[in-house]
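Novice: quick one, structure for this:
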Amino acid sequence: MGKEAEARESYEKVFPLLKDEPRCARVDWERHSLYVNIGNTYSRSGDLDAAMAEYEKAEKLGSDHLNEEGGSEKDGKGMVACCKRARAFALKRAGKEDEAKKILKEVVEQQIKDNLEAAEAAKKAKEEAAKKAKEAAESK
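Specialist: Reported below is the predicted structural model:
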């Protein structure tokens with residue numbers, strides 16, 4: 001604690017290493033983590049505006065995966081949720097608990113929705129596999 005500027009400087013030194021890397025989920029998670037961590041250093045230093053600007057950059061990477069062809073929906077949702085959690089904790093640290101709670105509620109509600117959708121998809125896949133197995137057994 002107390003070495004926020006030094007930590008921020010260390011994180012920022014990594015960006016040039018990623019500059020020529022292609023856009024993909026793995027590399028975007030690296031970039032995303034750097035932005036979130038830089039945002040966290042600003043939050044701990046009491047600079048909420050700078051923290052929010054970094055979280056916005058990180059969230060855009062996640063949104064790109066959700067909105068662009070070839071993006072990873074799972075990774076996009078994960079990045080967006082991570083940013084929202086970081087933003088909520090920064091808001092709480094800044095004394096804006098009501099805003100923080102609202103954001104965390106959105107995160108929890110989205111996670112519940114995603115879990116229900118995943119369970120439904122798994123159920124359908126299982127039913128489809130059972131149907132195909134039955135058809136294959138009957139055709140013998």
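Novice: hang on, R8 packs against N40?
Specialist: No. Using CB atoms under 8 Å, R8 is not in contact with N40, being 9.3 Å away. Every C-beta, even on glycine, is put in place using the N, C-alpha and C of the backbone.
Novice: anything in contact with each of those two?
Specialist: Listed as contacting both R8 and N40 by CB atoms under 8 Å, 6 or more residues apart in numbering is no residue at all.
Novice: excluding chain neighbours, what is closest to the most centrally placed residue in the chain?
Specialist: Centre of the chain computed as the mean C-alpha position; nearest residue by CA atoms, centre = their mean is M79, 1.2 Å away. Computed as CB to CB, 6 or more residues apart in numbering, the closest residue to M79 that is not its neighbour in sequence is G62, at 2.8 Å.
Novice: ok, that neighbour touching C83?
Specialist: Yes. In this structure G62 lies within contact range of C83 using CB under 8 Å: 6.6 Å.
Novice: joint contacts of those two?
Specialist: Shared contacts of G62 and C83, counting by CB under 8 Å, 6+ apart, come down to H32.
Novice: helices of the protein, start to end?
Specialist: Assigned by DSSP state H, the helices in the chain fall at 4-12, 15-18, 25-45, 48-67, 73-93, 97-138.
Novice: any chance of those helices in JSON lines, plus mean pLDDT?
Specialist: Output for those, formatted as JSON lines (pLDDT from 0 to 100):
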{"stretch": "helix 4-12", "mean pLDDT": "95"}
{"stretch": "helix 15-18", "mean pLDDT": "92"}
{"stretch": "helix 25-45", "mean pLDDT": "94"}
{"stretch": "helix 48-67", "mean pLDDT": "94"}
{"stretch": "helix 73-93", "mean pLDDT": "95"}
{"stretch": "helix 97-138", "mean pLDDT": "93"}
